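Q: Build me a model from this:
(4 chains)
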Number of protein chains: 2
Amino acid sequence: MTRWAPDARGRLQRAAVELFAEQSFAATTVPQIAERAGLTTRTFFRHFADKREVLFAGDEIPEYGAELMRSAPAELDPMSLIAQQLRIVAETTFEGSRADVRRVRAIIESDEALRERDLKKRGALAAAVRAGFLARGEDPVTAAVAADLTVSVLHVALERWLDDPADDATARPLGDVVDDVLAASAALLGSHARP
Amino acid sequence: MTRWAPDARGRLQRAAVELFAEQSFAATTVPQIAERAGLTTRTFFRHFADKREVLFAGDEIPEYGAELMRSAPAELDPMSLIAQQLRIVAETTFEGSRADVRRVRAIIESDEALRERDLKKRGALAAAVRAGFLARGEDPVTAAVAADLTVSVLHVALERWLDDPADDATARPLGDVVDDVLAASAALLGSHARP
DNA sequence: TCGTTCATGTCACGCTGTGTCATCACCTTA
DNA sequence: TAAGGTGATGACACAGCGTGACATGAACGA
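A: Model prediction:
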């Protein structure tokens, strides 16, 4: 017999997502979440730094991306690396869970403070990718722009993938959407007269 | 004889910047700011939606950018438009106030919540530029990526401009730094084999 | 058996941000 | 000049966020 029911953190997360969907993010209070999970407010804040974090916890894409960059062939040019990296991320962490991603996405889009936190996560990913490019010997400016481009392409593709009206089984795979967006980016950069 | 001292908003902003510099953003409370400005806490929140906003208020770059895009020649390709737009913004809103920008920047960099808010401002700019490209008839993917690229280039250039160890008079003009970053972006594609 | 560890509970508290009503200089309008 | 409206500020109350400090008791190791 254990003293406490197991997986307090998971219970808090599930209770939070339920309540955010039932009411809204702004209307649900931390005491409500804690009560539904059978815990106290204080315990909630031991697991999550703030109320928003309960929706974002467990997101390790930056670390994953950094690892991918480290293990990629050193001679790969930046654009090819981006393309390869994004395809792997698309296939391993998003493909197959479009419904879940969309549900969380809907909650995030519904609240200003959550959108803000989402941008922070993007920033963290950009910083990780930037560090990865620097470690590969790219010059600082290229590293910075390439990192931002990576994040931009991923999110534009993600947005289009989630907005695809087709059902999950027949929707265009995220990896393919990523390639489309990359092609558009290349065309954009290519349209500029080079010195 | 007026009932209240004038420019309550400005007094609050100045008091806030002083206190943030003296202590830190996190350590200064809204009542402190209000007291230094000779006002009440309630009045602070009538002028600024939250404590962070006092540092960001008056930032109208998104509106300015949208206006620039509307008045630009319709036949300009996206990259040229970005280049032209950024040069104008660089010269009109940043050049000449490097010291001020740097001071606010230092405060922002020192606090997590402020960095987060800064990203939100970037997001607002990206959204405005994106809408501008859509209004010019660009396809949605190109518009989205071009907007993100615009914001990225501006911020990478800004970062390098602020980090330039030369003093304000002799530092490389922001407009030139923007051109450098744009060139690096274009070169990014050059390294990528085109289909 | 004893002491440590560790997740949780309990309590107190300061700060953030908002709703509501009062105040009173200033500005109309007659 | 008198009456009434306007608009910025003050005063007050309050719910919710997030943290510090200490207590509790099951699990675990020696």
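
Q: domain parsing for chain A?
A: Here the domain parsing of chain A from automatic domain parsing is A:8-54, A:57-190.

Q: how about the longest one, does it reach chain B?
A: Yes - under the criterion of Cβ under 8 Å from any Cβ of the partner chain, domain A:57-190 makes contact with chain B via A:77-80, A:115-117, A:119-120, A:122-123, A:139-142, A:144-146, A:148-149, A:151-153, A:156, A:159-160, A:180-181, A:183-190. C-betas here are computed from N, CA, C, even on glycine.

Q: By mean pLDDT, show me the worst of the domains of chain A.
A: With a mean of 93, domain A:57-190 has the lowest mean pLDDT of the domains of chain A.

Q: and the end-to-end length of that one?
A: Domain A:57-190 has its terminal residues 38 Å apart, counting by Cα to Cα, to the nearest Å.

Q: can you list the residues of chain A near DNA strand D?
A: A:1-3, A:29-31, A:41-42, A:45, A:49-51 (Cβ under 7 Å from any atom of the strand).

Q: Pull the most distant pair out of these.
A: Greatest spacing in the residues of chain A next to DNA strand D, by Cβ to Cβ: A:1 and A:50 (33.5 Å).

Q: any idea how far the residue in chain A positioned nearest to DNA strand C is from residue B:180?
A: Closest contact between chain A and DNA strand C, by Cβ to the nearest atom of the strand, is at residue A:8 (2.8 Å). With distances taken as Cβ to Cβ, to the nearest Å, residue A:8 is found 52 Å from residue B:180.

Q: of the residues of domain A:57-190 next to chain B, buried ones?
A: Among those, those classed as buried by 16 or more other Cβ atoms under 10 Å in any protein chain shown are A:78-80, A:116-117, A:119-120, A:122-123, A:141-142, A:144-146, A:148-149, A:151-153, A:156, A:160, A:181, A:184-189.

Q: Excluding chain neighbours, what is closest to the residue of chain A closest to DNA strand C?
A: Excluding the flanking residues, the one nearest residue A:8 by Cβ to Cβ, 6 or more residues apart in numbering or on different chains is residue A:39, at 5.9 Å.

Q: near DNA strand C, which residues of chain A?
A: Listed as neighbours of DNA strand C in chain A under the rule Cβ under 7 Å from any atom of the strand: A:4, A:8, A:38-43, A:46-47.

Q: Next, format those residues as JSON lines and append neighbour count, secondary structure and distance to residue A:19.
A: JSON lines is the format used below for the residues of chain A next to DNA strand C (neighbours: other Cβ atoms under 10 Å in any protein chain shown; DSSP: H, G, I helix; E, B strand; the rest coil; distance: Cβ to Cβ, whole Å):
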{"residue": "A:4", "neighbour count": "9", "secondary structure": "coil", "distance to residue A:19": "21"}
{"residue": "A:8", "neighbour count": "17", "secondary structure": "helix", "distance to residue A:19": "16"}
{"residue": "A:38", "neighbour count": "13", "secondary structure": "coil", "distance to residue A:19": "14"}
{"residue": "A:39", "neighbour count": "20", "secondary structure": "coil", "distance to residue A:19": "14"}
{"residue": "A:40", "neighbour count": "13", "secondary structure": "coil", "distance to residue A:19": "16"}
{"residue": "A:41", "neighbour count": "13", "secondary structure": "helix", "distance to residue A:19": "14"}
{"residue": "A:42", "neighbour count": "9", "secondary structure": "helix", "distance to residue A:19": "18"}
{"residue": "A:43", "neighbour count": "15", "secondary structure": "helix", "distance to residue A:19": "16"}
{"residue": "A:46", "neighbour count": "12", "secondary structure": "helix", "distance to residue A:19": "19"}
{"residue": "A:47", "neighbour count": "17", "secondary structure": "helix", "distance to residue A:19": "16"}
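
Q: Number of residues surrounding residue A:15?
A: 21 (other Cβ atoms under 10 Å in any protein chain shown).

Q: so which helix or strand takes in it?
A: Applying DSSP states H and E as the criterion places residue A:15 in helix A:8-22.

Q: Mark which of the buried ones among the residues of domain A:57-190 next to chain B are part of helices, please.
A: A:78-80, A:116-117, A:119-120, A:122-123, A:141-142, A:144-146, A:148-149, A:151-153, A:156, A:160, A:181, A:184-189 (DSSP state H).

Q: picking up where we left off before, in the helix holding residue A:15, what's buried?
A: A:8-9, A:11-13, A:15-17, A:19-20.

Q: Same check on stretch A:79-91?
A: Those would be A:79-83, A:85-87, A:89-90, for stretch A:79-91 by 16+ other Cβ under 10 Å.

Q: Also stretch A:47-61?
A: Judged by neighbour count (16+ other Cβ under 10 Å), stretch A:47-61 contains these buried residues: A:47-48, A:51-52, A:54-55, A:61.

Q: can I get those in JSON lines with secondary structure and distance to residue B:95?
A: Output for those, formatted as JSON lines (DSSP: H, G, I helix; E, B strand; the rest coil; distance: Cβ to Cβ, whole Å):
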{"residue": "A:47", "secondary structure": "helix", "distance to residue B:95": "48"}
{"residue": "A:48", "secondary structure": "coil", "distance to residue B:95": "43"}
{"residue": "A:51", "secondary structure": "coil", "distance to residue B:95": "41"}
{"residue": "A:52", "secondary structure": "coil", "distance to residue B:95": "37"}
{"residue": "A:54", "secondary structure": "helix", "distance to residue B:95": "44"}
{"residue": "A:55", "secondary structure": "helix", "distance to residue B:95": "41"}
{"residue": "A:61", "secondary structure": "helix", "distance to residue B:95": "37"}
